[in-house]
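S.K.: What follows is a predicted protein model with its sequence.
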Amino acid sequence: MKRYVFGTPIETEAVLDKPQVEESAITALRILDDERFPLSFGLDLSDEDIVYGLGENVRGINKRGWLYTSKNADDPVHDEGKHSLYASHNFILVSGAKHVGFFFDTPGEVLFDIGYNHYDKLVVSLVDPDVEVYVIEGDSDLDVIHEFRKLIGKSYRAPKWAFGYGQCRWSYMTSDEVRDVVRKHREAGIPLDMLYLDIDYMDSYKDFTLNPQTFADFDQLVAEMKEQKIHLVPIIDAGVKVEEGYDFYEEGKKNGYFCKDENGEDFIVGVWPGDCCLPDMLNDEAREWFGNGYKFLLDKGIDGFWNDMNEPALFYSKKHLGEVTAQLGALLSGKLDINGFFGFKDTLEHISNNEEDYKSFYHNYKGQKLRHDKVHNLFGYYMTRSASEAFKRLVPEREVLMFSRSSYIGMHRYAGIWQGDNKSWWSHLLMNLKMMPSLNMCGFLYTGADLGGFGDHTTEDLMIRWLSLGIFTPLMRNHSALGTRFQEVYQFDAVEKMKGIIQLRYRLIPYLYQAYEKAINEDTMMFYPLGMVFPEDETARRVEDQLLVGDDIMIAPVYEQNAVARHVYLPEEMTCLRFRGAELIEKTVLPQGHHYVEMPLGEVCIFVRNGHMLQLAENAQSVADLDWDNLTFV
Ligand code: MIG
């Protein structure tokens, strides 16, 4: 491994234990002359090269043929035209005749042109020229990944119960509604371990408060849930409401813990609570203070959280909103010609997450005043780190579930992530699958997507198919947005089919958890693209819709509406285990090669590798009830 330093990079703490700086010039990449960027690197790609990586991002397992940017964004439309999602995971792996990994450690914006302008060229361009570049060469893809993972440190370990099934909704509005959802699962015999609370449990969306009307009996609720073996998992948002008399805000203000504008005044942004301040997550003292905020809920027996809006998402800034209002007033008072109209429309469309706003506030990071856009991609990481460090201080004996929306490499040591606001689209089921290995490469092992889809209305068959993939992902959570069709599994005619699939999940937990622990302990993957395990097999290398899960099994989910079968490629002889719900109904040995495998709704096929075994538990209503000693080996 080689480490090169360009300029004076801002420390990200992605890597704690750094190898010595390589003094000689970089050879694995060419430094390009491109007047648009202060620093650009290039590499020629040959036809057989596959480029893996970039963690949470759009498009394929093989990232070739598109332009990606590292710029954490709250954008709920994850379509093919996008270039980034909520995270910046600047690690790529070029796999062909050689196996070389590159990690560009910088909190600023990076552009990855991976064969987009020219299919045979990789170009990485930096908006700020200060960066640490790590080059890792290995004998195989997995070798390179292993070295990289050792470099960035051990991944977060989620508690076993976090492998249970979780139900979420924006929002369950009252404690009685929460009780009702849990009761309906229990009565129908649908296993459940987690019930998530979205923003409405809070008092006016204020962090570390409870709605005094709708969640007045919170302590009682937690106790009842505990009895039913349900973990309540509340959301925490990044912005702190500006409100006199709100303790947490007053404390932050008094101590100067919020991000400031150029004049040193607290920078006011709009998020769910209305006007908010952003805690300076990058400042050690402020970070400790924000983390202590979780104590309010930890003291109530809470042992799981999800951190949201931490790109950070800005609906508006007070400053910019003022300018917009003035501009609109002027526009509307005159005659609105067509250009004026589009100017007006454009201004409105760019109020949220506005580029200028990200350049208008400052952090105090390691004693240095830094403009936000220079460190933008670290905000979610440091918010989540603040929580995780607080858990170690405040409840060292407790295993706490923690996952975040935004992230940067390094955060994987503290928490998992969920894949953000997907939609109830078939293409997003496939995207969920494709993101698993790239996230694993970057250390994010506890992850999953909103099953059934978050935005838009789901359908019964999409829900079934998505659960059939979700049973393999460490985070298995059904979540949907305000205003969309309710998608708790008991809402559907096919509830029995869905229940069977969730029961199968519980049967798989011992297998999945050992694969997960192994991936942590050995700094390796839990979800592998076929090509990483069968590198000599040219067909396997091109498969984008099947994955190996752990060392023993392969999955090939259905992701097309109305399909009753699908093409599956077997890189070696495997045994197809066919489950109808939780019940194993058929075992068929299939030879290496191409197959068309029937997969009616409600049936799940798991392909066991030649010479391997799958362990199965008896199903259970919660992880606490799983019998880990009484396993069947197939
Ligand atoms: O602006 O808290 O990704 O999971 O339900 C939307 C409400 C804010 C975005 C999260 C989503 C959550 C929602 N949040």
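M.R.: That came in fine, so what should we check first?
S.K.: so what does the helix or strand harbouring residue 234 touch, helix or strand wise?
M.R.: Using DSSP states H and E, residue 234 falls within strand 231-237. Packing partners of strand 231-237 (3 or more C-beta pairs under 8 Å, 6 or more residues apart in numbering; DSSP states H and E): strand 194-197, helix 218-227, strand 304-308. Backbone N, C-alpha and C define where each C-beta goes, glycine included.
S.K.: Out of the ones you listed, which gets nearest to residue 141?
M.R.: Of all the helices and strands packed on strand 231-237, the one in closest proximity to residue 141, counting by C-beta to C-beta, is strand 304-308 (31.4 Å).
S.K.: show me what contacts residue 623?
M.R.: 160, 161, 163, 164, 193, 506, 509 (C-beta atoms under 8 Å, 6 or more residues apart in numbering).
S.K.: re the thing from before, so what angle separates the directions of the strand holding residue 234 and strand 304-308?
M.R.: 20 degrees (axes from the mean of the first three to the mean of the last three C-alpha atoms, to 10 degrees).
S.K.: what's in contact with strand 231-237?
M.R.: Outside strand 231-237, the residues that reach it (C-beta under 8 Å, 6+ apart) are 161, 166, 178, 193-199, 201, 205, 207-208, 221-222, 225, 271-273, 293-294, 297, 302-310, 387, 401.
S.K.: Go ahead and produce PDB holding the CA coordinates of it.
M.R.: What follows is strand 231-237, C-alpha atoms only, in PDB (Å, rounded to 0.1, in the frame of the first residue of the first chain):
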ATOM      1  CA  HIS A 231     -37.100  -2.200  20.700                       C
ATOM      2  CA  LEU A 232     -38.300   1.300  20.000                       C
ATOM      3  CA  VAL A 233     -36.000   3.100  17.700                       C
ATOM      4  CA  PRO A 234     -36.400   6.900  17.600                       C
ATOM      5  CA  ILE A 235     -35.100   9.100  14.800                       C
ATOM      6  CA  ILE A 236     -32.800  12.100  15.600                       C
ATOM      7  CA  ASP A 237     -32.500  15.000  13.200                       C
END
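S.K.: For the protein, which residues are neighbours of the ligand?
M.R.: Residues of the chain found near the ligand (C-beta under 6 Å from any ligand atom) are 170, 198, 199, 235, 308, 405, 420, 421, 479.
S.K.: what's the burial count for the fourth one?
M.R.: By that I understand residue 235. 22 (other C-beta atoms under 10 Å).
S.K.: again, but for the first one
M.R.: Counted by other C-beta under 10 Å, the residues lying close to residue 170 total 17.
S.K.: how much space is there between it and residue 197?
M.R.: In this view, residue 170 and residue 197 are 10 Å apart by C-beta to C-beta, to the nearest Å.
S.K.: mind putting the helices and strands packed on strand 231-237 in TSV, mean pLDDT and mean neighbour count included?
M.R.: Output for these, formatted as TSV (pLDDT from 0 to 100; neighbours: other C-beta atoms under 10 Å):
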stretch	mean pLDDT	mean neighbour count
strand 194-197	98	24
helix 218-227	98	16
strand 304-308	98	25
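S.K.: Could you export those as JSON lines, including distance to residue 80?
M.R.: Below are the helices and strands packed on strand 231-237 laid out as JSON lines (distance: least, C-beta to C-beta, whole Å):
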{"stretch": "strand 194-197", "distance to residue 80": "29"}
{"stretch": "helix 218-227", "distance to residue 80": "41"}
{"stretch": "strand 304-308", "distance to residue 80": "25"}
